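Asks: Here is my input; please provide its structure:
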Amino acid sequence: MTPNLHSPERQLIELRMEHADLDAMVDRMVLNAPADELMLQRLKKRRLALRDRLTRLEIALEPKEPA
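Replies: Numbers count the residues shown, from 1 in each chain. Next comes the predicted model:
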């Protein structure tokens, strides 16, 4: 059986990896002063958007509570 490359679980893994990469990039930019402030703000905005997508996907994948 081949894994579905577009499954929500796979997307979640890929988003987490991308978020971790952006996290590391932002940390490196902050440590290496002087930082390009515009680039830093763009990376932070992208990281926040990824965090929002991750949260929405995690909520969608959670099993529903029985009523």
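Asks: quick one: buried residues of the helix or strand harbouring L38?
Replies: Following DSSP states H and E, one finds L38 within helix 37-61. Buried residues in helix 37-61, counted by 16 or more other CB atoms under 10 Å: L43, R47, L50, L54, L57. All C-beta spots, glycine's among them, are computed from the backbone N, C-alpha and C.
Asks: so who does the fourth one touch?
Replies: Right, the one you point to is L54. L12, L15, R16, H19 (CB atoms under 8 Å, 6 or more residues apart in numbering).
Asks: now the last one
Replies: Contacts for L57 (CB under 8 Å, 6+ apart) come out as P8, Q11, L12, L15.
Asks: Which among those residues count as buried?
Replies: Among the contacts of L57, those classed as buried by 16+ other CB under 10 Å are L12, L15.
Asks: quick one: the spatially most central residue of the chain from L43, how far?
Replies: Geometric centre of the chain, nearest residue: H19, 3.2 Å, by CA atoms, centre = their mean. For H19, the distance to L43 equals 11 Å [CB to CB, to the nearest Å].
Asks: that older thread, in TSV: the buried residues of helix 37-61, plus distance to D23 and pLDDT.
Replies: Below are those laid out as TSV (distance: CB to CB, whole Å; pLDDT from 0 to 100):
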residue	distance to D23	pLDDT
L43	9	94
R47	7	96
L50	10	96
L54	12	95
L57	18	93
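Asks: of those, closest to N4?
Replies: Nearest to N4 among those: L57, at 14.7 Å, using CB to CB.
Asks: my guess is the residue nearest to the centre of the chain meets R51, correct?
Replies: Yes: counting by CB atoms under 8 Å, R51 is a contact partner of H19 at 6.4 Å.
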